[in-house]
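A.B. asks: sequence and predicted structure below; questions after.
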Amino acid sequence: MTRHLLITGGAGFIAGNLTHHWTAAHPGDRIVVLDALTYAGNRATIAPLIDFGRISFVHGDIGDRALVDGLLADHAITHVVHLAAESHVDRSITGPGAFLATNVNGTFTLLEAFRAHWLAAGSPTDWRFLHVSTDEVFGSLEPDDPPFCETTAYSPRSPYAASKAASDHLARAWQHTYGLPVLVSNCSNNYGPYHFPEKLIPLTLINILLGRPIPVYGDGSNVRDWLFVEDHCHALDRILLAGEPGRTYCIGGCNEVANLDLVHMLCALMDELAPELPVRPSRELIRFVTDRPGHDQRYAIDASRICEELGWQPQVTVQEGLRRTVQWYLTNRDWWQPLLSAEYASYLESQYAARLA
Ligand code: NAD
Ligand code: DAU
C-alpha cells in the first residue's frame, strides 16, 4: 500500500523534524502537512521540502472540519500523525483558552473527520491515527519515585497537561468505541534543531548569544528526561508502522538532568563552540527567578514497552545531543533570527520582567 500521511503541526518543532525524517526514510510515501502557522509554526522549517515538491503544505486549523474533510478526501489520507498543539506550559498558565481550542476541540474534530473518512473507505484495517502526547499527563515525580510508564495513572497539573490528557482520553475512546485504528504515544522533553526559543534549551542558547540573562525557575532542581528529537522521530516511525492499534507507548531518553546542571552544560558548550560572545563565561548570565506556578518537580519515562515490543532504543546521549544542538543553532542563525520579532520580545518581557526584577 502507498501510504498517504497527514502530519499535523508540521511547521512546528517535532513534526517538522518528523517530516524531514519521513521524506528521507520513506521516499515512496506521500505527505501532506496541515499547520495553522501560529507563533510557534515556521514555514522555513520545511520550506525546502515544500518548494521542491516533496510534500504538500496546507495552511489551516485542525479545528476547521470542512477543511480537514476536504484534505483527507482530496489526498486520500491513510495515516494521520497528529502533533499540532499549543505546547508551552508557561503560555497555558497565562492563556489557557487556546490550549482547550486546539488540543481538545481540535483533536476531537480531527478524530471525527478521520472516522468519517475511514468509514467511507470501508474501515480499512491498515490505516492509522497516531496521537502524539506528553509525559506531563502523568503529573510530577518525587526524586525516589519509579519513572512513568503506560500504566501510570493520569494526574495532569497544568492547563497544558490537562488539555493533552483530555485529548489522550478522546483518542483512546475513539479507538475503544468506534474501532478507529488509533495509537497513542507519551513522550518526555525533546530538544534539537528547529526548537522555538521559548523553551529552556533554545531560549538559553539564544540568550547567551545575545548576552541576555538566562532565567532559571526556582532553584533549578527540577528534573526533565531529555530526548533528542531525532530519536523521537525514529520512535514515532516504529509506532506508526509496527505499533498495535489501541496501545500506548511511552518514549523517553534515559537522560534525567536537573535544569541547573543542563544550563551549566549549555554554558560550557557555548563557551567552547561560539567564536564570539558578549559575556564570557556564559554562566555569569544565569539568574534564579520566581518559579513557574505549579511547577512539576520531575519527569522520567520507563520506555521498556517500546524497546521490547518495537525494538526502539534512544541512540543519542544528552552530551552528544546538546553538542549537536548548539552547533545547529550556531550555524542556522537564518532560521532563528527572524523569530526574534516584536511579538517575541513582548512575550519574553511579559514572562520575565517581574521574575527578573
Ligand atoms: P510546537 O509548539 O513547536 O509546534 C506546534 C505546531 O502546531 C506549530 O507549527 C503550530 O503552528 C501548529 N498548530 C498549533 N495550533 C494549531 C491548529 N489549531 N491547527 C493546526 N496547526 C496548529 O510543538 P512541539 O514541541 O513540536 O510539540 C508537538 C507535539 O508533541 C505536541 O502535541 C506536544 O504536546 C507533543 N509533545 C512535545 C514534547 C516536547 O518536548 N516538545 C514532548 C512530548 C510531547
Ligand atoms: O515533558 C514533555 C513536555 O516538555 C512537553 O509536553 C512540552 O510541550 C514541552 O514544552 C516541555 O515542557 P517543559 O515545561 O518541561 O519545558 P520547558 O522548556 O518550558 O521547561 C523545561 C524546564 O526548565 C522546566 O522545569 C521549566 C524550566 N525553565 C523553563 C524556561 C522556559 C526554566 O528554568 N527557565 C525558563 O526560561
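C.D. replies: Yep, that arrived. Residues are numbered from 1 along each chain as shown. Ligands and ions are numbered 1, 2, ... in the order given.
A.B. asks: ok, whichever residue of the chain sits closest to ligand 2 - contacts?
C.D. replies: The nearest approach of the chain to ligand 2 comes at Thr134, 3.1 Å away (CB to the nearest ligand atom). Yep, even glycine has a C-beta here, placed from its N, CA and C like the rest. Applying CB atoms under 8 Å, 6 or more residues apart in numbering, we find Thr134 in contact with Ala161, Lys164, Asn186, Cys187.
A.B. asks: looks to me like the first one is in a helix.
C.D. replies: Yes - following the definition DSSP: H, G, I helix; E, B strand; the rest coil, Ala161 is counted among the residues of a helix.
A.B. asks: could you look up the SS state of the nearest residue to it once chain neighbours are set aside?
C.D. replies: Leaving out its chain neighbours, the residue that sits closest to Ala161 by CB to CB, 6 or more residues apart in numbering is Glu136, at 3.9 Å. What three-state DSSP gives for Glu136 is helix.
A.B. asks: what's the local residue count around Glu136?
C.D. replies: Neighbours of Glu136 under the rule other CB atoms under 10 Å: 24.
A.B. asks: hmm, back to that, so how far is Tyr178 from the residue of the chain closest to ligand 2?
C.D. replies: Remark: distance between Thr134 and Tyr178 (CB to CB, to the nearest Å) = 24 Å.
A.B. asks: in terms of helices and strands, where is Leu348?
C.D. replies: Element membership of Leu348, judged by DSSP states H and E, is helix 342-356.
A.B. asks: could I get the buried residue list for that helix?
C.D. replies: By neighbour count on 16 or more other CB atoms under 10 Å, the buried set for helix 342-356 is Tyr344, Tyr347, Leu348, Gln351, Tyr352.
A.B. asks: tell me the bridge partners for the residue of the chain closest to ligand 2.
C.D. replies: Counting by DSSP bridges, Thr134 is bridged to Cys187.
A.B. asks: let me know the pLDDT of it.
C.D. replies: Thr134 is assigned a predicted lDDT (pLDDT) of 98.
A.B. asks: interface residues of this structure facing ligand 2?
C.D. replies: 87-89, 134-136, 188-189, 199-200, 203, 215-217, 222, 224, 259, 292, 299 (CB under 6 Å from any ligand atom).
A.B. asks: and those residues near ligand 1, which?
C.D. replies: Among those, the residues within reach of ligand 1 (CB under 6 Å from any ligand atom) are Ser87, Thr134, Asn189.
A.B. asks: contacting residues for the nearest residue to the last one once chain neighbours are set aside?
C.D. replies: In other words, Asn189. Nearest non-adjacent residue to Asn189, counting by CB to CB, 6+ apart: Arg224, 4.4 Å away. Arg224 makes contact with Ser188, Asn189, Glu256, Val257, Asn259, Leu262, Arg298, Tyr299 under the criterion CB under 8 Å, 6+ apart.
A.B. asks: in helices, which of those residues fall?
C.D. replies: Asn259, Leu262 (DSSP state H).
A.B. asks: would you mind confirming that Asp29 is in contact with Leu6?
C.D. replies: No - Asp29 lies out of contact with Leu6 (CB atoms under 8 Å); the separation is 11.3 Å.
A.B. asks: those two: which has the busier surroundings?
C.D. replies: Taking other CB under 10 Å, Asp29 and Leu6 do not tie; Leu6 has more neighbours (28 against 16).
A.B. asks: could you give the bridge partners of the more buried one?
C.D. replies: Beta-bridge partners for Leu6, by DSSP bridges, are Val32, Val80.
A.B. asks: so who does Pro6 touch?
C.D. replies: I think there's a mix-up here, since residue 6 is Leu and not Pro. Going by CB under 8 Å, 6+ apart, Leu6 touches Val32, Val33, Leu34, Leu71, Leu72, His75, Ile77, His79, Val80, Val81.
A.B. asks: what helix or strand is the fourth one located in?
C.D. replies: With elements taken from DSSP H and E, the one containing Leu71 is helix 65-74.
A.B. asks: quickly check: that helix near ligand 1 or not.
C.D. replies: No - using CB under 6 Å from any ligand atom, helix 65-74 stays clear of ligand 1, with a minimum separation of 9.5 Å.
A.B. asks: quick one on the thing from earlier: out of the contacts of Arg224, which comes closest to ligand 1?
C.D. replies: Asn189 (4.5 Å).
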